[in-house]
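> turn this into a structure:
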Amino acid sequence: MRFGFFGTAVMAASFAASTIAGTSTSQARVQVTVDLTTQQMHVTSSTGNYTWKISSGRGRYHTPLGNYRPTVMRRMHYSRKYNNSPMPYSIFFRGGYAIHGTNYVSQLGRPASHGCVRLATANAATLYQMVRREGARIKIVGSRAKFYAKYYAERRKLAAERRAKRKLARAKRLELRRAKWAEAKRKKLLRKKLYRVKLAALKKQKKHKRKIYTKRSKSKKYYAKRYKKKRYAKNDRSNRRAASRNRSVPLAYAPLRRTRSTFDFFRNPNNI
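Numbers count the residues shown, from 1 in each chain. Got it, this is the predicted structure:
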């Protein structure tokens, strides 16, 4: 974050008043190298070496290149220029440009700031303590254009890989769907075939049963009818004979004499 000339002068005065003994420029033992091409910070100190992700200036906000030394250090600073944004563990190295912590950890590794060098808050606290004890030399190198060239190339490569994966997954889904369609079609045809076979067998069975049933039913009815006819004929003949013997019945109402037929001849041929 950047602030005006008056603010810079005030902070420089306060830093001069609160300078810790033994941290002169000749005794600086912390080497801070900020690489804008890789968006990383390499720190070399007596306690060890560190490599952290950073976020430099984006768009029209450029992070200045060159060699610097800390000018003002503040444990918590609020930017009056950018909506009073918090800047924990700020190490100012040129005017309003500083190395400070941020809560936007997801944006680390690519340009996202207004010109400052952002770090994770825990890493910024570690760097702040080291610089406060030992002093530091800050070197900013690299180019944001190179980062974007590499970044976009990697993004294009990643996008191509993702497209290939999506295409492969789509092909697999289509193949699986076609296999399901083929299996469903095969099952449908099999069901149709089994249905036709079962229907033919059922028709045959029903046809066979119907023949047997109708033949038996007809024969039963036939014999029942024949028995009834025989019985009725016998009663009818007896009634006619009785009526013919009864002289009290008028002749107009007397039954007619039954003529002989072939059936009577074969039944009793001796009565002819």
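
> now do the buried residues in the helix or strand where Pro86 lies.
Assigning secondary structure by DSSP states H and E places Pro86 in strand 85-94. Using 16 or more other C-beta atoms under 10 Å as the burial criterion, the residues of strand 85-94 that qualify are Met87, Pro88, Tyr89, Ser90, Ile91, Phe92, Phe93, Arg94. C-beta here means a position set from N, CA and C on the backbone, and glycine is covered the same way.

> could you do stretch 117-127 as well?
Buried residues in stretch 117-127, counted by 16+ other C-beta under 10 Å: Val117, Arg118, Leu119, Ala120, Thr121, Asn123, Ala124, Thr126, Leu127.

> may I see those residues organised as CSV, with pLDDT and distance to Val141 added?
As requested, the buried residues of stretch 117-127 are arranged in CSV below (pLDDT from 0 to 100; distance: C-beta to C-beta, whole Å):
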residue, pLDDT, distance to Val141
Val117, 94, 12
Arg118, 94, 17
Leu119, 94, 17
Ala120, 94, 21
Thr121, 93, 25
Asn123, 93, 19
Ala124, 94, 20
Thr126, 93, 22
Leu127, 94, 18
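
> about what we covered before: could you list every helix and strand in contact with the strand holding Pro86?
On a contact count with 3 or more C-beta pairs under 8 Å, 6 or more residues apart in numbering; DSSP states H and E, strand 85-94 meets strand 66-68, strand 72-79, strand 97-102, helix 121-134, strand 136-141.

> quick one on the thing from earlier: and the two most separated of the buried residues of strand 85-94?
Largest separation among the buried residues of strand 85-94 by C-beta to C-beta: Pro88 and Arg94, giving 19.4 Å.

> so Ser55 touches Gln107, yeah?
Yes. Under the criterion of C-beta atoms under 8 Å, Ser55 is in contact with Gln107, at a separation of 5.4 Å.

> so those two - more neighbours on which side?
Relative neighbour count places Ser55 above the other of Ser55 and Gln107, with 21 against 15, counting by other C-beta atoms under 10 Å.
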